[in-house]
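Colleague: Any chance you can model this:
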Amino acid sequence: MSLVTQTIPALFNGISQQPAPLRLSSQAEEQVNAYSTVVDGLTKRPPFEHIAKLSDGSLANAAHIHTINRDTSERYIVVVTDGDINVYDLAGNELVVNAPKGMAYLNLDGSPANTSFSIVTIADYSFIINKTVTVSPKESASTKPAELSNGSWQSIYDNGLDNDVNEIAYYNSYYTGRVDMGSVQTFQDLPHPDDDSPPLNGHSYKVSGYDENSFGAYYVIRKAGVWEETVAPDDAGGLDELTMPHALIRESDGSFSFKPFMWQVRQFGSSITNPLPTFVGQRLKDVFYYKNRLGFVAGESVVFSSAGKYDNFFRSTMTALLDSDVVDVAVSSAKVSQLEYAVPFQNNLMLFSDQTQFTLNVDELLTPTSVSIDTATEYDISSAVRPVGIGSDVYFVTEGGNHSRIREYFVRTDNSTGSAAADITAHVPRYLPKGITQVAGNSNEDVLVAISNTAGEENRLYVYKFFWNDEGKVQSSWSHWEINTADDTQVIAVASLENHIYAMIERTDGVYLERADVQSGYVTDDLDYGVYLDRLIPLSGIYLSGSDETLVTLPYPITDTANFQLVRGSGFVGEVQTLIDPSTYTFTSPTEILIPTDETAGEIYAGVPYEMRYTFSQQFMRTKEDAITTGRYMLRTFVTYFTDTAFFSTEVAPYGTDPLIETVVPSQLSDFTGKTVGADSLIIGEPVYHTGSYSFQVYGNSKEAKVTLVNDTHVQSKFQSVELEGFYTNRAKVL
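Modeller: Numbering: from 1, shown residues only. Have a look, this model is predicted:
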C-alpha cells in the first residue's frame, strides 16, 4: 500500500457518459448550473436577468424569435407569432410596429410559429418568410397609364395594393401607345431614322435571331430616338407580393413597419426566355443573405437575387448573361433532396436537406455560370431545428431513439480534401433529449445552447462550451442549466446577441424575456462581483417612516415566496452583496414585499436562488490520462484550488450512499465560508472573495465514493483544479 497524490489539472470539460476509465480527468459525472471556461475554470453559471414581460398568455411552441443587430447602438428582439409581430429593444421596451396592409401574411392556421418562420436582416430591412404560404405568380400583369413626377409617360405595373404611386415600386418600359410591329431577325434589320419611313417612338419589335424556338429572342422599343430592350407584349408578369416574403422595416423615427415588399416585375424578355424563379408555386423554406444577394430555399433549388438588387429575381437583359444576374440552381443528388435550410459560413454556403448536406461551390464571385452544388456529407438532420453557424463551423441536430445528437460541420484545413461533421455529443450520447426545438450559437464566447419541448426538459438549457487553439480543440464541455423549477417554467425560444444568451421563458403568469451574460468574468452592474439570482433585477425601495419598513415592488409576481431573495447593492457601505434575511420578508401581495428597517441606501437586487452542482467522476490511478483499473484505490482527501470565491460546500458520500439508506452511512458535509483567521474576511457583513485552497476528507473506496461541489447561494465560486490523495494497493505490484 502506498500513499499517492494525483492532480486533476482542470475542471472545464463538462460531463461524460463514457465508462469512467475512458473519461478525461477533467470530465465529470454531473454538472448542473455550472459554467466551464478555460479562463475562469468551473464557475457558477451566470444568472438570467429580467428584461420585460412579453405576454400574459401562453406562447409555447407559438413564437419565433429573431435578433436585429443594426449597429453597436441599435439592437432589437423580434417576436413573431401566429398573425402578429412585436419588436423590443434590449431594455425590454416594446416599439411601435405599423402594418398598413395588415398582418394576414403571418397567419399559420395551426402550424407552430417556432418552426414556421424564417427571418434575415439586411440593414434596415428584415425579410420574413412564412413557410406555410405558397408563392404565387402574377402573370399577364395589367398596366395603366400614369404621369409620374418627372413628367414622362410610362405604364406602371399595378400590384393591386393601392393607388399611391409611391407605393408602386416597379414599372415596365412600355410607352403609352406602344405599337407592336412584328419581328425582325437581327438588330441590324430594325428600321433606322434615315429610312424612308422612320419609326415612331413607341414602336416595338421582336428580334428573333436564328433560334426557331424563341429562346434567343428579345424585344426592343423605340424611345427618344434609340432602340431600348423591353419586355414581350402583355408579358410583364411578376411575383404576387401578398404571397412573397414581407419586410419589417426600421423607419427613421425609430418605429417599424411591416408590409409587402415590392418585388420587381419582368422587364425584359418573355416568360420563356426570362421565366419566373423556380420557387414560384412552392413554399419557401428559408431566407438568407450571401455575397450581396438575397436568397431563398424551396424544393430542391436555391435562388439568389441579382447582385445588390434584393428585389429582382429576373434577368436584367436578354442580350447577355451578366455576372450580376439572378442565380437559380438545383442540387444534384441520387436522392430526392428537399432543401430545408441555407447557412452561410466561412465564405461558403451550406445547404441542408433531411438526409444530405450540400455546399455551394463558387469562385471569388457568385455568378450564373460559376456556381455548382455538391454533396458534402450525408447525415439525417432534424428538419425542425435550423442549423447555426459559430465562427467557421456549422452545427446541426440529428435525432435517433430517445435522444438527440449534434454534429459540428467544418472544412478540413489539413492536406486532405473535403469536409467532415464530427459528433460533438459522442461522449454524451444519452444526454440531449428528443424534441430539440432550437439551437443558438454565440460566436463571441464559443457557446452553443439547445432547448427541448420534451416533457420534463422544458426548463433546461443544454450548454456546449468549446475552445480551439493551435493544437486543436482543447475544450468540449456539455452541461445543462435549470431555470426555476418551482412554477412550471418552460424555455420556448433562445437567441444570441453580443455576449448574451436571450431566452423567452414562459411561466404560470405569462411569457418573459430574460438574458444571461456568458462572457468570462461576469459581474453585476457596478459591483465588483456577480449576484447569482435568476430573474435578477435592480430595484429601489420606498421607506415607510411610520412603520420603519421598506417597500419593494417587483415587476413580476412571486408564487414561491420561500424561494426568493433580496441582496444589497453598491450603495450599502459595508454591506454590499449581503443578503437581507429572507425570514423577515412580508409579502403583502405577489409583487410587493415589506422588509424591516430602512433599506434605501442603494439599489436592492431581487431574484430567485438556484443551485450549482458538480459531481466528480470515479477516480483512478493514472499514467498521464490512462486509467489503471486494477488494484484498490482508497481516497483520503480532496484539495480544491479556487479563485475569487466567497462560498461553496462539499458533499461527500464515502460509500456512494443512496438517499434511501443515507442514515446508515451518512454523507459528510463541510461548509467553506472564505474566512481565514486574522484576515479582513472575518469582518461581519460583506462576503469576502478569497483565492486559495481547501482540503476535505473523503475516506472511501474510489469505486463507491461520491464527491460533489455545491453552491446554492447568491455569491460566486470559481474552481481551477483539484489535488487528491489516497492509498493505492495492487497485488501484482505495489507503487
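Colleague: can you give me the helices in this structure?
Modeller: Counting by DSSP state H, the chain has helices at residues 113-116.
Colleague: Next, the contact list for the residue nearest to Ser111 when sequence neighbours are not counted, please.
Modeller: Leaving aside its sequence neighbours, Ser111 sits nearest to Thr132 (C-beta to C-beta, 6 or more residues apart in numbering; 5.2 Å). C-betas here are computed from N, CA, C, even on glycine. Applying C-beta atoms under 8 Å, 6 or more residues apart in numbering to Thr132 gives the contacts Leu108, Asp109, Ser111, Ser116, Arg283.
Colleague: Which residue in the residues you listed has the weakest pLDDT?
Modeller: Across the contacts of Thr132, no position has a lower pLDDT than Asp109, which has 84.
Colleague: Can you pull the phi and psi angles for the residue lying closest to that one once chain neighbours are set aside?
Modeller: Residue nearest to Asp109 in three dimensions, not counting chain neighbours: Thr132, with 6.8 Å by C-beta to C-beta, 6+ apart. Note on Thr132: backbone dihedrals following degrees, to the nearest 10 are phi -90, psi 0.
Colleague: re earlier: just the contacts of Thr132 now: which is nearest Leu190?
Modeller: When these are compared for distance to Leu190 (C-beta to C-beta), Arg283 comes out closest, at 43.7 Å.
Colleague: Burial check on the closest residue to the closest one other than its chain neighbours, number of neighbours?
Modeller: By the measure of C-beta to C-beta, 6+ apart, the closest residue to Arg283 outside its immediate chain neighbours is Thr134, 5.4 Å from it. By other C-beta atoms under 10 Å, the residues close to Thr134 number 14.
Colleague: quick check: domain ranges of this structure?
Modeller: Per automatic domain parsing, the structural domains of the chain span 2-27+611-729, 140-236, 534-608.
Colleague: what's the closest of the ones you listed to Ser58?
Modeller: Set against Ser58 and scored by C-beta to C-beta, these come closest in domain 534-608, at 16.0 Å.
Colleague: Run the chain-centre distance for the closest one.
Modeller: Between the mean C-alpha point of domain 534-608 and the mean C-alpha point of its chain there is a distance of 34 Å (C-alpha atoms, centre = their mean, to the nearest Å).
Colleague: pretty sure Thr317 is touching Val231, no?
Modeller: No: counting by C-beta atoms under 8 Å, Thr317 does not reach Val231; the two are 11.4 Å apart.
Colleague: Please work out which helix or strand belonging to this structure has the smallest mean pLDDT.
Modeller: Comparing every helix and strand of the chain by mean pLDDT, DSSP states H and E singles out strand 153-157 as the least confident one, with a mean of 36.
Colleague: which stretch in the domains of the chain has the least confidence?
Modeller: domain 140-236 (a mean of 65).
Colleague: how much space between the residue nearest the centre of the chain and Val449?
Modeller: Centre of the chain computed as the mean C-alpha position; nearest residue by C-alpha atoms, centre = their mean is Ala440, 2.8 Å away. For Ala440, the distance to Val449 under the criterion C-beta to C-beta, to the nearest Å works out to 5 Å.
Colleague: can you tell me which residues contact the residue nearest to the centre of the chain?
Modeller: Applying C-beta under 8 Å, 6+ apart to Ala440 gives the contacts Val388, Leu448, Val449, Val494, Ala495, Ser496, Ile501.
Colleague: if we go to 7 Å?
Modeller: Taking C-beta atoms under 7 Å, 6 or more residues apart in numbering, we find Ala440 in contact with Val388, Val449, Val494, Ala495, Ser496, Ile501.
Colleague: okay, now Glu364: neighbour count?
Modeller: Glu364 is flanked by 8 other residues according to other C-beta under 10 Å.
Colleague: just Leu321 next, same as before
Modeller: 12.
Colleague: so it makes contact with Pro368?
Modeller: Yes: counting by C-beta atoms under 7 Å, a contact exists between Leu321 and Pro368, whose distance comes to 5.8 Å.
Colleague: quick one on the thing from earlier: which pLDDT does the model give the residue nearest to Ser111?
Modeller: We have a pLDDT of 96 for Thr132.
Colleague: and it, how far is that from Leu106?
Modeller: The value you get for Thr132 to Leu106, if C-beta to C-beta is used, is 10 Å.
Colleague: how far away is the residue nearest to Phe648 when sequence neighbours are not counted from Pro687?
Modeller: For Phe648, ignoring the flanking residues on the chain, the nearest one in space by C-beta to C-beta, 6+ apart is Ser717 at 4.3 Å. Distance of Ser717 to Pro687, given as C-beta to C-beta: 11 Å.
Colleague: what about the two, which has more around it?
Modeller: Neighbour comparison, Ser717 and Pro687: the larger count goes to Ser717, with 27 against 20 (by other C-beta under 10 Å).
Colleague: how about a markdown table for the contacts of Ala440, with neighbour count and pLDDT added?
Modeller: A markdown table is the format used below for the contacts of Ala440 (neighbours: other C-beta atoms under 10 Å; pLDDT from 0 to 100):
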| residue | neighbour count | pLDDT |
| --- | --- | --- |
| Val388 | 23 | 93 |
| Val449 | 25 | 97 |
| Val494 | 21 | 90 |
| Ala495 | 22 | 89 |
| Ser496 | 23 | 89 |
| Ile501 | 24 | 94 |
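Colleague: Give me the subset of those lying in strands.
Modeller: For the contacts of Ala440, membership in strands holds for Val388, Val449, Val494, Ala495, Ser496, Ile501, with DSSP state E as the criterion.
Colleague: Which of the residues you listed lies at the shortest distance from Pro9?
Modeller: Val449 (27.1 Å).
Colleague: mind listing what the closest one touches?
Modeller: Remark: with contacts taken as C-beta under 7 Å, 6+ apart, Val449 is in contact with Val439, Ala440, Leu461, Val463, Val494, Ile501.
Colleague: Who does it form a beta bridge with?
Modeller: Bridge pairing for Val449 (DSSP bridges) gives the partners Ala440, Val463.
Colleague: Ser305 is in contact with Leu294, isn't it?
Modeller: Yes: at 4.4 Å, Ser305 counts as touching Leu294 under the criterion of C-beta under 7 Å.
Colleague: Can you tell me how far the residue nearest to Arg283 is from Phe279?
Modeller: Between Thr134 and Phe279 the distance, using C-beta to C-beta, works out to 10 Å.
Colleague: where in the stretch 401-550 of the chain is pLDDT low?
Modeller: Per-residue confidence of the stretch 401-550 of the chain (counting by pLDDT under 70) places the weak regions at 411-419, 485-487.
Colleague: so where do the strands sit in it?
Modeller: With DSSP state E, counting those that start in this stretch applied, the stretch 401-550 of the chain shows strands at 403-411, 419-423, 436-442, 447-452, 460-469, 472-482, 490-497, 500-507, 510-517, 534-539, 542-544, 549-553, listed in chain order.
Colleague: So for Asp380, which of the ones you listed sits nearest?
Modeller: strand 403-411 (9.8 Å).
Colleague: quick one: contacts of the closest one?
Modeller: Residues outside strand 403-411 that contact it (C-beta under 7 Å, 6+ apart) are 346, 350, 357, 377, 379, 392-398, 419-425, 429-430, 432-434, 436, 450.
Colleague: Kindly write the ChimeraX command that selects the buried subset of these.
Modeller: The following ChimeraX command selects only the buried members of the contacts of strand 403-411, with burial defined by 16 or more other C-beta atoms under 10 Å:
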select :350,357,377,379,393,394,395,396,397,398,419,421,424,425,432,433,436,450
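Colleague: Against which helices or strands is the longest strand along the chain packed?
Modeller: The strand that spans the most residues within the chain, counting by DSSP E, is strand 632-645. If you count contacts as 3 or more C-beta pairs under 7 Å, 6 or more residues apart in numbering; DSSP states H and E, strand 632-645 packs onto strand 690-701, strand 718-729.
Colleague: by how many degrees do the first one and strand 718-729 diverge?
Modeller: An angle of 30 degrees separates the directions of strand 690-701 and strand 718-729 when computed by axes from the mean of the first three to the mean of the last three C-alpha atoms, to 10 degrees.
Colleague: OK, contacts around Leu54?
Modeller: Neighbour list for Leu54: Val79, Met504, Val511, Tyr512, Leu513 [criterion: C-beta under 7 Å, 6+ apart].
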